[in-house]
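**Q** When you get a sec, could you give me coordinates for this:
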Amino acid sequence: MKCDWVRQNILFYVYNELEDDARYEVEQHLARCPECATELKAARKFHATLSETVAEPTPNLLAASRMRLQEALETTRQGGLWHRLVLEPATWLRQIKMSPALAAVIFIIGFGGGIGATYNFLASGRTGEVAVVNRTDTTPVEASSIAGIRSVTQEPGSNQVSIKYDTVLTQEAQGSLNDQRIQQLLLFAARNNYNSGVRMDSVDVLTQAPNDANVQEALLYALQNDSNPGVRLKALDGLSGFVKQDPQVRDGILRALIGDANSGVRMQALRLVEPMKTDSNVRSVLTKLSQTDQNVSIRSQARAMLAQMPEMD
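**A** Model (predicted):
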């Protein structure tokens with residue numbers, strides 16, 4: 001990894017705005033590059049100085065803002081200039097070769113814009129500290145009030161689920177998989193949480209109740225849109241029992257088979273459609289894969305599956 005790229009992303013690293021894989025690469029580089037380590041030290045000193053003069057938004061406020069921005073973007077027309085600038089900021093920042101100084105200016109402006117909201121929050125008498133509240137009621141959860149899902153855990157050997165989530169304070173909901181509140185939180189976490197581990201845990205729990213239409217929709221969404229291949233594999237596991245009888249599920253798995261970037265996800269999708277020997281869409285996809293797919297294993301497996309299929313009249 002080049003020093004230029006690391007130095008362009010130092011401030012993103014300091015402000016915890018890098019993806020997990022990029023953060024790992026930066027840390028590996030810093031461990032062996034004294035010059036970049038010095039740059040990191042200077043950036044952290046700058047951050048500390050800035051924190052003394054500018055009120056930094058609380059983690060809950062930042063999380064809530066990210067979630068609401070994502071929800072707003074999902075309802076707007078995709079593909080325009082606004083979409084590219086807002087949804088992929090790291091990409092365009094790197095493309096214009098942003099210097100650390102310019103990055104600092106942008107972060108200062110961003111924090112300046114959040115001072116008013118932060119001031120009002122603090123002035124209301126809240127300390128900004130995170131508190132944990134045990135909630136066992138069944139009141140429906142308003143998605144707009146959720147800043148993020150912290151963790152999803154299931155009690156071994158039971159269907160009891162514990163979910164910690166953020167509003168203004170960190171709260172915790174406990175209950176059965178059949179509880180409406182628990183299901184709403186799981187569906188929210190599977191779609192919107194920025195932590196891939198929480199998304200994976202949520203999808204894993206949802207696979208235990210795949211008969212629900214909302215759950216199937218969430219699993220299909222995760223299969224088609226989640227950036228983490230592990231989450232997509234979990235979604236495939238949850239959808240596996242519906243390949244035969246549900247055309248929508250079958251089509252979603254075929255789309256993953258054709259277009260997923262991860263070969264492991266594609267191989268699992270290929271195994272799931274194997275029993276559908278009489279489906280014309282499955283046969284058409286397998287024919288295309290057997291002829292043109294770049295993955296040797298998938299191309300070979302598709303040919304073997306076609307050879308075992310009965311001839312169509």
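
**Q** Could you list the buried residues of stretch 220-234?
**A** 220-223, 226, 228-234 (16 or more other CB atoms under 10 Å). Yep, even glycine has a C-beta here, placed from its N, CA and C like the rest.

**Q** who touches that stretch?
**A** Applying CB atoms under 8 Å, 6 or more residues apart in numbering, the set of residues contacting stretch 220-234 from outside is 190-191, 196, 199-200, 203-204, 207, 235-236, 239, 248-249, 252-253, 255-256, 260-262, 264-265, 268.

**Q** Same question for stretch 295-303.
**A** 263, 266-267, 270, 286-287, 289-293.

**Q** In strands, which of those fall?
**A** With strands taken from DSSP state E, there is no overlap with the contacts of stretch 295-303.

**Q** Can you tell me which of those are buried?
**A** 266-267, 270, 286, 289-290, 293.

**Q** Low-confidence regions, the stretch 1-150 of the chain specifically.
**A** Flagging of the stretch 1-150 of the chain using pLDDT under 70 yields the residue ranges 1, 51-145, 147.

**Q** Just put the buried ones among the contacts of stretch 295-303 in CSV and tack on distance to Cys36 and pLDDT.
**A** Listed next are the buried ones among the contacts of stretch 295-303 as CSV, based on distance: CB to CB, whole Å; pLDDT from 0 to 100:
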residue, distance to Cys36, pLDDT
Arg266, 37, 94
Met267, 39, 93
Leu270, 43, 92
Leu286, 49, 90
Leu289, 44, 92
Ser290, 48, 91
Asp293, 41, 92
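
**Q** Now distance to Ala302 too, for those residues, in a markdown table please.
**A** Formatted as a markdown table, the buried ones among the contacts of stretch 295-303 follow (distance: CB to CB, whole Å):
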| residue | distance to Ala302 |
| --- | --- |
| Arg266 | 10 |
| Met267 | 11 |
| Leu270 | 7 |
| Leu286 | 5 |
| Leu289 | 4 |
| Ser290 | 4 |
| Asp293 | 7 |
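
**Q** Okay, and which of those map to helices?
**A** Judged by DSSP state H, helices contain the following of the buried ones among the contacts of stretch 295-303: 266-267, 270, 286, 289-290.

**Q** ok, those vs Arg23, which is closest?
**A** Nearest to Arg23 out of those is Arg266 (CB to CB; 27.2 Å).

**Q** which one is the closest one nearest to, not counting chain neighbours?
**A** Spatially, and ignoring its direct neighbours in sequence, Arg266 is nearest to Asp260 (5.1 Å; CB to CB, 6 or more residues apart in numbering).

**Q** rewinding a little: need the ones in helices among the buried ones among the contacts of stretch 295-303 in CSV (columns: distance to Gln180).
**A** Below are these laid out as CSV (distance: CB to CB, whole Å):
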residue, distance to Gln180
Arg266, 35
Met267, 36
Leu270, 36
Leu286, 41
Leu289, 41
Ser290, 46
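
**Q** ok, of these, which one's closest to Lys2?
**A** Closest to Lys2, out of all of those and judged by CB to CB, is Arg266, at 31.9 Å.

**Q** Model confidence score at Arg181, please.
**A** Looking at Arg181, its pLDDT is 87.

**Q** My read is that it contacts Gly175, right?
**A** Yes: counting by CB atoms under 8 Å, Arg181 does reach Gly175; the two are 6.3 Å apart.

**Q** quick one on the thing from earlier: of the contacts of stretch 220-234, which belong to helices?
**A** Those of the contacts of stretch 220-234 lying in helices (DSSP H): 190-191, 196, 199-200, 203-204, 235-236, 239, 248-249, 252-253, 255-256, 264-265, 268.

**Q** Quick one, which of those are buried?
**A** 190-191, 196, 199-200, 203-204, 235-236, 239, 249, 252-253, 256, 265, 268.

**Q** re earlier: what's the residue nearest to Arg266 in contact with, if anything?
**A** Asp260 touches 229, 232, 266, 269, counting by CB under 8 Å, 6+ apart.

**Q** Adding distance to Lys164, write those out as TSV.
**A** Conversion of those to TSV gives the following (distance: CB to CB, whole Å):
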residue	distance to Lys164
Pro229	25
Arg232	24
Arg266	34
Ala269	32
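
**Q** right, and out of the residues you listed, which lies closest to Asp166?
**A** Arg232 (25.3 Å).

**Q** Compute the inter-axis angle for the strand or helix carrying that closest one and helix 196-206.
**A** For Arg232, the host element (DSSP states H and E) is helix 229-239. Interaxial angle, helix 229-239 versus helix 196-206 (axes from the mean of the first three to the mean of the last three CA atoms, to 10 degrees): 10 degrees.

**Q** Quick check: mean pLDDT of helix 229-239?
**A** Averaged over helix 229-239, pLDDT sits at 92.

**Q** mind saving the C-alpha coords of it as CSV?
**A** In CSV, the C-alpha atoms belonging to helix 229-239 read as follows (Å, rounded to 0.1, in the frame of the first residue of the first chain):
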residue,chain,number,x,y,z
PRO,A,229,-20.6,-12.1,1.8
GLY,A,230,-21.1,-13.8,5.2
VAL,A,231,-24.5,-12.0,5.6
ARG,A,232,-25.5,-13.0,2.1
LEU,A,233,-24.6,-16.6,2.8
LYS,A,234,-26.8,-16.5,6.0
ALA,A,235,-29.6,-15.1,3.9
LEU,A,236,-29.2,-18.0,1.4
ASP,A,237,-29.5,-20.5,4.2
GLY,A,238,-32.8,-18.9,5.4
LEU,A,239,-34.2,-18.9,1.9
